[in-house]
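J.: just to be clear, the model below is a prediction. Sequence and coordinates:
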Number of protein chains: 2
Amino acid sequence: MSTHEYFMRLALDEAKKAQDIDEVPVGAVIVKDGIVISKAFNTRETSKDATCHAEITAIKKACKALGGWRLIGCEMYVTLEPCLMCSGAILQSRIEKLYIGTMDPKAGAAGSVLNVFEDYWFHHKCEIKVGILQEECSTILKDFFKRKRYKKD
Amino acid sequence: MSTHEYFMRLALDEAKKAQDIDEVPVGAVIVKDGIVISKAFNTRETSKDATCHAEITAIKKACKALGGWRLIGCEMYVTLEPCLMCSGAILQSRIEKLYIGTMDPKAGAAGSVLNVFEDYWFHHKCEIKVGILQEECSTILKDFFKRKRYKKD
């Protein structure tokens, strides 16, 4: 297992925690110098808060852990391509590298609907790499929505 | 004074609170059915948290006030054009109308660097109107950065 796979597996474990409480299963992990400094999962429904995506919560926890808003030298592993809000937060917090599990064709802002990391000039750049444990990151989401549809019928 | 000016003045009062604690002076107010449900100002430095822009804090407070993550029927007044993160949060939270004081040519995502409200198709649409109390919203920022530069010299 590569280092990238190791950290993405931790992000997947977070996604499973979201799944367990009936939240869309997305997880994120922030790493600095090979050490995990924060982990989080999506809690939009249970928190009743539109900003509580996995990435935002992970960034808030990482800022707390490092004692400042600049996450210099930090890398994020996230199971699903970030939305616009989370992509913006990644740039705002100065995260340097972003590893994505699977893409989100409907709402992703790192190459799907648009690519804020490559197509625009912002104050900060963040390198992205897509497809770490892609199949598992995609399957957990597909299974979640399949069960949701099944319950509805 | 028009209704829009009235609410933007409240947002400007928030911006002044940011200025008083040496934060970049940006303020935001969320209104539903003519009633203010949340007010906030930028506290990125004092909170040591990259996500603590005025708009994100105002959205979090509004979700709490309404008891859910969907800010249906809500309007935001913000003194400065939102960045990517905040524009994404505005779309995520389903805010229906956005009133902007002044534009941010360097980082704005509502028409400056890009326009996420008009040029892309997301799950939600939000109407925008620019230029409410434009001069005052711009002046408070210009004066802030002028003082900052003066202190440095």
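T.: Received it, and whenever you're ready, just let me know what you need.
J.: near chain B, which residues of chain A show up?
T.: A:44-45, A:47-53, A:56, A:59-60, A:63-64, A:67-71, A:83-89, A:91-94, A:106-107, A:109, A:113-114, A:116, A:120-123 (Cβ under 8 Å from any Cβ of the partner chain). Just so you know, the C-beta spots here come from the backbone N, C-alpha and C atoms, and that holds for glycine as well.
J.: show me which of those are buried.
T.: Listed as buried from the residues of chain A next to chain B are A:44, A:47, A:49-53, A:56, A:59-60, A:63, A:68-71, A:83-89, A:91-94, A:107, A:109, A:113-114, A:116, A:122; burial here means 16 or more other Cβ atoms under 10 Å in any protein chain shown.
J.: mind checking which helix or strand the nearest residue to residue A:82 once chain neighbours are set aside is in?
T.: If the residues on either side of it in the chain are set aside, residue A:82 comes closest to residue A:55, at 5.4 Å by Cβ to Cβ, 6 or more residues apart in numbering or on different chains. Following DSSP states H and E, one finds residue A:55 within helix A:54-66.
J.: mean confidence for that helix?
T.: Averaged over helix A:54-66, pLDDT sits at 98.
J.: which is the next helix or strand following it?
T.: Heading C-terminal from helix A:54-66 (DSSP H and E), you reach strand A:74-80.
J.: convert the C-alpha atoms of that following strand to PDB, please.
T.: Written as PDB, here are the backbone C-alpha positions of strand A:74-80 (Å, rounded to 0.1, in the frame of the first residue of the first chain):
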ATOM      1  CA  CYS A  74      -0.300  20.600   4.600                       C
ATOM      2  CA  GLU A  75      -1.900  18.100   2.300                       C
ATOM      3  CA  MET A  76      -5.500  17.000   2.200                       C
ATOM      4  CA  TYR A  77      -6.900  13.600   1.300                       C
ATOM      5  CA  VAL A  78     -10.600  13.600   0.400                       C
ATOM      6  CA  THR A  79     -12.700  10.800  -0.800                       C
ATOM      7  CA  LEU A  80     -14.800  12.900  -3.200                       C
END
